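missing the sequence, but the structure's below:
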DNA sequence: GCAACATATATCACCAAGTGATATATCTAA
DNA sequence: TTAGATATATCACTTGGTGATATATGTTGC
């Protein structure tokens, strides 16, 4: 299971876990969901997706689910484990604290023309 | 100025910009501030700090400020540029939207014993 | 005066992780 | 029947972060 993996999470890991938080999905659906969840700002290609999935499987943050009503043999469906869920929770908690801090210092970005 | 650099930001970039959002700082102070801002969850060593600073300078996201009341010749003080400020603003906006989405789907992590 | 430690910057060699490109196969719609 | 979406997979490469280490100065206590 190699190294435990801590927050802050990388975008690829975060969006993979986050996509699965909305329900079991196969790889391709994770890619699409990641893009949707980020409003298009994060696009994960197949190389990033499948290497990330491989790592998360090894770390026991996701598992492949088999046998349930998935008739299509070529799809591999993944599910968030309790460890994965807890890690995602920790990450969300982390960014929430960060945002609170940013608001507390009343920081505002400058206006710029693109 | 190489590649424009987009959100999502890496933790090293994010915390460097965020630390400077609280005012001009020299490298070592950025390291300490990053740790403080993350409540200890993110620790940046000198290697990461100075390579990140170098990159941000090249990208015109931060500048070195000279001449102002800094008597110590060995310190190099950095300041967020407008571009840097705008990018940090975009990143904060991004994670805010993400948190809203997480709350909207009413997702809660499982409880786990450490 | 000097030992111990924090401050401060810098660089090397290495590694983890993401990525563009490409390949392969199936499914869907015109 | 062909074009494009769906779906998974892998290679070679790059980017970026990291532990270790080096160097020098400032600070504190004895």
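Great, that's in hand. A quick note: this is a predicted structure, and the numbers were derived from the prediction, not measured.

so where's chain A shaky on pLDDT?
A:1-3, A:67-73, A:112-114 (pLDDT under 70).

so which residues on it come close to DNA strand D?
By Cβ under 7 Å from any atom of the strand, the residues of chain A that approach DNA strand D are A:26-29, A:31-32, A:46-47, A:50-51, A:72, A:74-77. No exception for glycine: its C-beta is placed from N, CA and C like everyone else's.

which residues sit in contact with residue A:49?
A:12, A:16, A:27, A:30, A:31 (Cβ atoms under 8 Å, 6 or more residues apart in numbering or on different chains).

just curious, which of the residues you listed is nearest to DNA strand D?
Nearest to DNA strand D among those: residue A:27, at 2.8 Å, using Cβ to the nearest atom of the strand.

that closest one against residue A:51, yeah?
No: judged on Cβ atoms under 8 Å, residue A:27 makes no contact with residue A:51 at a distance of 11.1 Å.

could you count how many residues lie near the residue in chain A positioned nearest to DNA strand C?
Across chain A, the shortest distance to DNA strand C (Cβ to the nearest atom of the strand) belongs to residue A:47, at 2.5 Å. Counted with other Cβ atoms under 10 Å in any protein chain shown, the neighbours of residue A:47 add up to 8.

DNA strand C contacts on chain A?
Residues of chain A lying near DNA strand C (Cβ under 7 Å from any atom of the strand): A:3, A:5, A:10-13, A:44-48, A:51-52, A:55, A:72, A:74.

chain B next: which of those residues are close?
Near chain B, taking Cβ under 8 Å from any Cβ of the partner chain as the test, the members of the residues of chain A next to DNA strand C found are A:10, A:11.

are any of the residues of chain A next to DNA strand C buried, and which?
Neighbour counting over the residues of chain A next to DNA strand C (16 or more other Cβ atoms under 10 Å in any protein chain shown) leaves A:5, A:11, A:12, A:13, A:44, A:48, A:52, A:55 as the buried ones.

residues touching the fifth one, list them.
It stands for residue A:44. A:12, A:15, A:16, A:30, A:31, A:34, A:35, A:52.
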